Every structure is written in C-alpha cells, then in structure tokens.
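Q: How does the following fold in three dimensions:
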Amino acid sequence: MKKKIILTVLVVIVLCMIFLGIKTIKTAQNGTYTPQQNLNAPIEIPDEYVYRINEIENDNKPQVVLFYADWCGYCRRFMPVFGKFAKKYKDKYSFVIVNVDHPENTQMVKKFHIMGFPSLFIVDNEIGHRFSLNMAASGDESVLTEELENYIKVKQRIIEEKND
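A: Below is the predicted model of the structure:
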C-alpha cells in the first residue's frame, strides 16, 4: 500500500515536471516566442522598399528574392527583417517577395525548385546569375549582411573579368 502511494506521488511529480518543462522550453526556445493567432492570414509586407514579383520590370540592380508562404511561421518572423534589409540596401538591391501559394507564381516556384520556406535567392539579370543564399541568412541578420556584402564584391570581380 505504501509503495503504491509513493509511486503515485512520484508519477504526479514527474508529470508536473514534464508539463512545466515543456511549457518553459516552448517559451524560451527563441527568446521571442509568440504564438500566431491565424497562420492563414496574409503576411503584412513591411515597407515601401519590398516589391511583389509582378511589380519589378527590367531592373538593373540584383534582386534579393524571398519565396514565402503566409502559413509559414519562419516567414512571418523573417518578413520584418527582410523589410529592414530592403531599406538598408535599397541602393544596391531590389527586394522582391513571391508568395508560393498564389497560382500566378506556380511556374516561378517550379523554376527555382523551392522546397522549403523561407527561401532566399539573388537574381542578377545584368550578369545572368541566380543563386540560393545560405539558409541561415533567414535566421541570422549577420549572415544575411555577409551574404549581401560578399555578392557585391563577387559581382565586381565578374564585371572586371568580363572587361579584361
């Protein structure tokens, strides 16, 4: 009888610890954990420096293209950062978004072989290059800064080599 009571108390304690531990882990994972009320609501586009893909025509600047989905939590967290970079790098890049769930973007999503979200690419029509950015760039502002700065340097070298 005593063993059953002790075992029951231990089970209750363990269950309480598990419940409290899971709740603590969820809120502390990112330090900024906020549950999304409606993941199907459209993502708010951060500012006037971010364009939808159909708004860009014959742009000579390289384009930083973000493929996103409204239901993607990572995309929701990254969009304000994307807007911040669009403003910071507006003279060097055009920042473009592509909602993968819109039917008019289906061909583009297939063309870029998009498998996960968010996905970032630099598309440079001037020199005919398109490449995927490091996936960490959507989670770490310093990585995105490094990627964008490095591309400008690489582009300069490509142009210099073409002119030689």
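Q: Tell me where this protein has strands.
A: 50-52, 63-68, 94-99, 119-124, 129-132 (DSSP state E).
Q: Strand partners (parallel or antiparallel) of the last one?
A: Strand pairing for strand 129-132, determined by DSSP bridges: strand 119-124 (antiparallel).
Q: Okay, now the unreliable bits of this protein?
A: 1, 6-40, 57-58 (pLDDT under 70).
Q: quick one on the thing from earlier: Serialize the strands of the chain to CSV and add fields for mean neighbour count and distance to residue 81.
A: For glycine as for every other residue, the C-beta is placed from the backbone atoms N, C-alpha and C. Shown next, in CSV, are the strands of the chain (neighbours: other C-beta atoms under 10 Å; distance: least, C-beta to C-beta, whole Å):
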stretch, mean neighbour count, distance to residue 81
strand 50-52, 17, 11
strand 63-68, 24, 10
strand 94-99, 21, 11
strand 119-124, 19, 11
strand 129-132, 14, 18
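Q: Any idea which of those gets closest to residue 152?
A: Ranking those by proximity to residue 152 (C-beta to C-beta) places strand 119-124 first, at 10.1 Å.
Q: between the strands of the chain, which gets nearest to residue 75?
A: Going by C-beta to C-beta, the one of the strands of the chain nearest residue 75 is strand 63-68, 3.9 Å.
Q: Measure how far the closest one is from the centre of its chain, please.
A: 9 Å (C-alpha atoms, centre = their mean, to the nearest Å).
Q: Repeat that for stretch 94-113.
A: With C-alpha atoms, centre = their mean, you get 14 Å for stretch 94-113.
Q: Okay, now it: how far is its last residue from its first?
A: End-to-end distance of stretch 94-113 (C-alpha to C-alpha, to the nearest Å): 21 Å.
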